[in-house]
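Q: This is a predicted model, with the sequence first.
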Number of protein chains: 2
Amino acid sequence: MELVQAFEVFGPKIEYELKTIILDTVSDEYPVLREMLTYHMGWEGEGAGPHAQGKRIRPVLLLLNVVAAGGNWEQALPAAAGVELLHNFSLIHDDVQDQGDRRHGRSTVWVKWGIPQAINAGDLMFTISNIAVLRLKQFYSPKVVLKAQELFQRTCVKLTQGQFLDMWYEELDELPFDAYWSMVAGKTAALLACCTEMGGLLGGANAEACEKFHNFGDLLGMAFQAQDDLLGIWGDSEKIGKSTSSDIYTKKKTLPVLFGLKQNGKFAERWLSGNFGVEDVPELALLLEKEGGREYTEQIAVDLTRKAVNALEKVADNCSDGIALQQLMDQLIGRQV
Amino acid sequence: MELVQAFEVFGPKIEYELKTIILDTVSDEYPVLREMLTYHMGWEGEGAGPHAQGKRIRPVLLLLNVVAAGGNWEQALPAAAGVELLHNFSLIHDDVQDQGDRRHGRSTVWVKWGIPQAINAGDLMFTISNIAVLRLKQFYSPKVVLKAQELFQRTCVKLTQGQFLDMWYEELDELPFDAYWSMVAGKTAALLACCTEMGGLLGGANAEACEKFHNFGDLLGMAFQAQDDLLGIWGDSEKIGKSTSSDIYTKKKTLPVLFGLKQNGKFAERWLSGNFGVEDVPELALLLEKEGGREYTEQIAVDLTRKAVNALEKVADNCSDGIALQQLMDQLIGRQV
């Protein structure tokens, strides 16, 4: 199967599953509460539509891993919906936590309904993600459903630990590299590893193979993050230009920035002074590049990508069709700077 | 078993279970994140101690129902911890939502660590409550653990729906009685019904009997709320006096107040004007009493208590020892005005 085909075939089924679970769970006696969720999912309200729905990469990744493990992807749809709902719960709370007022070009939930209601809507989305995983019982034995639940809850712990670090580190000036990778492990890699391991589990892989699936997702997540950090500074001309979306302007402690700070050179001096505006972003990006931040991060991204490819090959040992998975990986971490 | 004895025997075991689950789940690589949870639970930090820990009524209620159903209460400890953790998750978020800065005489989590971290600590507590329920698998079959999880998740949905209504109704001037009971069903009764039904399930009761256990908890919750509403206005001399803790002063839309508003008399006029201070509270309480708000609520509380007693009797049909349960009920809803 090709990736384009996977999105075409899985996409509508994932969307249908998501809608069914949300509408089955939240009684229509609570139209406003329902609306908060269906609005956030990009189905209703101003600006609703495909471009407001996110790419649904996580459920597609999960289903492709089910296929790779030789399982029936349709039976795994409740879990695919579960990871997407979990991701969206974290986005609703994240927007409150970092006061993000726009997502996919639309007002965020807290902007429309206030912070207290947004926190509660996130809690409900979290609950629905758990319910989605429980719905696997239609097709799987209670023992497998419990394993899926345990994997899901372990992932939630990692997500909240990652979120804790992310917010905690924002307060600090410097950050050791170890701390960065702990944060990435929680914030990005944990959910992708959950998708791949869950795919293995529901595709019928044994415990040993499930570990390989897990490693693949974990490395994929870390490679993705390194690449994302590169793109956040040198991604396109607009970012190197005067864009306020540059990670330098928003003072995100990404991998190249941490490298730059460690060099203790001119970049570190300017960055730590905090005394720069949007017009200084190109200069800082150039300083950071000269001091090796770009090359260092590119090397890390290349290494991690190679490791992820190896991990996928190990998964693919008993995998009939891994083309789409390979393409998805290319799409996620092969994006060019 | 007598209730005093139940608290003595169950208490330390519940506390041990709670601590074990939290410390097993949150790695000691995250001491600050751990501290947020252990502080909130009343074990650490300023003002820690038994008075800071809440009464742990929910886990005790659950375990008493296991005993009533003829089961082994020690095996049900993970679920008892689960309901207490779920309750505490809701408190952490509730304090953020209504800007409550004190709980058990101590600063709340958001006051100490900020709103973003408090939201995240609540999310983690929520996750740990789910993990607690999954730990039942040490003693129960996967099928029973799944049933317990489903009950738990249904409860979470009701809790968030109740919380939605509570916050939504705060914005409205008037409130129909139906809305009040929907809110109480979610905010108070759902978790107590979860405790009693979970007790039945883990005690080995069949589906029909579990429904009776559920009804008992549901009615107990509603009776408790009616009584609590009475105490919130006419509870003690301090409240009828000039206390700012009176539900009249805080403008809570409790049952007597809703009755008073419906009468459209002098109480309604004063209350809706919003033009009263703490010194006017006794006068408003008296007006409300004259217009029948106290008698009405007392009658409702009496009716619901009788129904709860009947429900308990139905549960107790095949119950060897329900004394402690009866005493717990008396303690919860027999509190005198």
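A: That came through, no problem.
Q: host element of the residue lying closest to residue A:90 once chain neighbours are set aside?
A: Nearest residue to residue A:90 in three dimensions, chain neighbours excluded: residue A:159, at 6.0 Å (C-beta to C-beta, 6 or more residues apart in numbering or on different chains). For every residue, glycine as well, the C-beta is placed using N, CA and C. Assigned by DSSP states H and E, residue A:159 falls within helix A:142-170.
Q: Now do that helix against helix B:142-170, angle only.
A: For helix A:142-170 against helix B:142-170, the angle by axes from the mean of the first three to the mean of the last three C-alpha atoms, to 10 degrees is 50 degrees.
Q: ok, so what distance separates the residue positioned nearest the centre of chain A from residue A:215?
A: For chain A, the residue nearest the mean C-alpha position is residue A:188 (5.1 Å; C-alpha atoms, centre = their mean). Distance of residue A:188 to residue A:215, computed by C-beta to C-beta, to the nearest Å: 15 Å.
Q: Same question for residue A:121.
A: Taken as C-beta to C-beta, the span from residue A:121 to residue A:215 is 34 Å.
Q: between the two, which one's more packed in?
A: Ranked by neighbour count (other C-beta atoms under 10 Å in any protein chain shown), residue A:121 and residue A:215 place residue A:121 first, with 27 against 20.
Q: Quick check, residue A:180 in contact with residue A:255.
A: Yes: using C-beta atoms under 8 Å, residue A:180 is in contact with residue A:255, at 6.4 Å.
Q: Looking only at neighbour counts, state which of these two leads.
A: More crowded of residue A:180 and residue A:255, by other C-beta under 10 Å: residue A:255, with 25 against 20.
Q: Against residue A:297, how distant is the more buried one?
A: Taking C-beta to C-beta, one finds residue A:255 at 5 Å from residue A:297.
Q: overlap in contacts of these two?
A: Both residue A:255 and residue A:297 are in contact with A:226, A:229, where contact means C-beta atoms under 8 Å, 6 or more residues apart in numbering or on different chains.
Q: Next to chain B in this structure, residues from the stretch 101-250 of chain A, please.
A: A:115-117, A:119-124, A:126-128, A:130-131, A:134, A:137, A:141-143, A:145-146, A:149-150, A:153, A:156-157, A:160-161, A:163-165, A:167-168, A:182 (C-beta under 8 Å from any C-beta of the partner chain).
Q: Can you select the buried ones among those residues for me in PyMOL?
A: Typed into PyMOL, the line below selects the buried ones among those, using 16 or more other C-beta atoms under 10 Å in any protein chain shown:
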select buried, chain A and resi 115+116+117+119+120+121+122+123+124+126+127+128+130+131+134+137+142+145+146+149+153+156+157+160+161+163+164+165+167+168+182
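Q: Now residue A:106. Its backbone dihedrals?
A: Taking degrees, to the nearest 10, you get phi -120, psi 160 for the backbone angles of residue A:106.
Q: How far off centre is stretch A:108-121?
A: 21 Å (C-alpha atoms, centre = their mean, to the nearest Å).
Q: got it, and stretch A:43-51?
A: Centre-to-centre, stretch A:43-51 and its host chain are 21 Å apart (C-alpha atoms, centre = their mean).
Q: Any buried residues in it, and which?
A: For stretch A:43-51, the neighbour count (16+ other C-beta under 10 Å) marks A:43, A:48 as buried.
Q: can you check stretch A:298-307 too?
A: Neighbour-count burial for stretch A:298-307, counted by 16+ other C-beta under 10 Å, picks out A:298, A:300-301, A:304-305, A:307.
Q: There's contact between residue A:329 and residue A:311 in this structure, I believe.
A: No: assessed by C-beta under 8 Å, residue A:329 is found out of contact with residue A:311, at 9.9 Å.
Q: Now do the shared contacts for those two.
A: Residues within reach of residue A:329 and of residue A:311 at once, by C-beta under 8 Å, 6+ apart, are residue A:220.
Q: Give the residue from those two that has the larger number of neighbours.
A: residue A:329 (24 against 21).
Q: Next secondary structure after the least confident helix or strand in chain A by mean pLDDT?
A: Lowest on mean pLDDT, DSSP states H and E among the helices and strands of chain A sits helix A:237-240, with a mean of 63. Next along the chain after helix A:237-240, taking DSSP H and E as the criterion, comes helix A:255-263.
Q: What is that next one packed up against?
A: Applying 3 or more C-beta pairs under 8 Å, 6 or more residues apart in numbering or on different chains; DSSP states H and E, one finds that helix A:255-263 makes contact with helix A:177-184, helix A:207-234, helix A:266-273, helix A:281-290, helix A:293-315.
Q: among the ones you listed, which is nearest residue B:64?
A: Residue B:64 sits nearest to helix A:207-234 of all the helices and strands packed on helix A:255-263, at 39.2 Å, using C-beta to C-beta.
Q: Need the pLDDT of residue A:241.
A: Reading off the confidence values, residue A:241 has pLDDT 62.
Q: same check, this time on residue A:113
A: For residue A:113, the model assigns a pLDDT of 98.
Q: Quick check: the gap between it and residue A:35.
A: Distance, residue A:113 to residue A:35, using C-beta to C-beta: 9 Å.
Q: Look at these two and report which has more neighbours.
A: The neighbour count for residue A:113 versus residue A:35, taken as other C-beta under 10 Å, is higher for residue A:113 (21 against 17).
Q: Find the nearest non-adjacent residue to the more buried one, please.
A: Nearest residue to residue A:113 in three dimensions, chain neighbours excluded: residue A:36, at 5.8 Å (C-beta to C-beta, 6+ apart).
Q: so what's the nearest residue to residue A:28 once chain neighbours are set aside up against?
A: Nearest residue to residue A:28, sequence neighbours excluded (C-beta to C-beta, 6+ apart): residue A:34, at 6.9 Å. Contacts for residue A:34 were tallied using C-beta under 8 Å, 6+ apart; they are A:22-23, A:26, A:28.
Q: Adding pLDDT, secondary structure and neighbour count, write those residues out as JSON lines.
A: Shown next, in JSON lines, are those (pLDDT from 0 to 100; DSSP: H, G, I helix; E, B strand; the rest coil; neighbours: other C-beta atoms under 10 Å in any protein chain shown):
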{"residue": "A:22", "pLDDT": "98", "secondary structure": "helix", "neighbour count": "21"}
{"residue": "A:23", "pLDDT": "97", "secondary structure": "helix", "neighbour count": "13"}
{"residue": "A:26", "pLDDT": "96", "secondary structure": "coil", "neighbour count": "24"}
{"residue": "A:28", "pLDDT": "91", "secondary structure": "coil", "neighbour count": "7"}
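Q: If we only consider those residues, which is nearest to residue B:235?
A: Residue B:235 lies nearest to residue A:26 out of the contacts of residue A:34, by C-beta to C-beta, at 35.4 Å.
Q: doesn't residue A:37 make contact with that closest one?
A: Yes: assessed by C-beta under 8 Å, residue A:26 is found in contact with residue A:37 at 6.7 Å.
Q: Could you chop chain A up by domain?
A: A:1-141, A:155-317 (automatic domain parsing).
Q: Residue B:263: which of these is closest?
A: Closest approach to residue B:263 among these (C-beta to C-beta): domain A:1-141, 27.2 Å.
Q: tell me the mean pLDDT for the helix holding residue A:159?
A: Across helix A:142-170, the average pLDDT comes to 96.
Q: For it, name the packing helices and strands.
A: Packing contacts for helix A:142-170, counted by 3+ C-beta pairs under 8 Å, 6+ apart, involve helix A:77-97, helix A:115-134, helix A:177-184, helix A:190-203, helix B:31-40, helix B:115-134, helix B:142-170.
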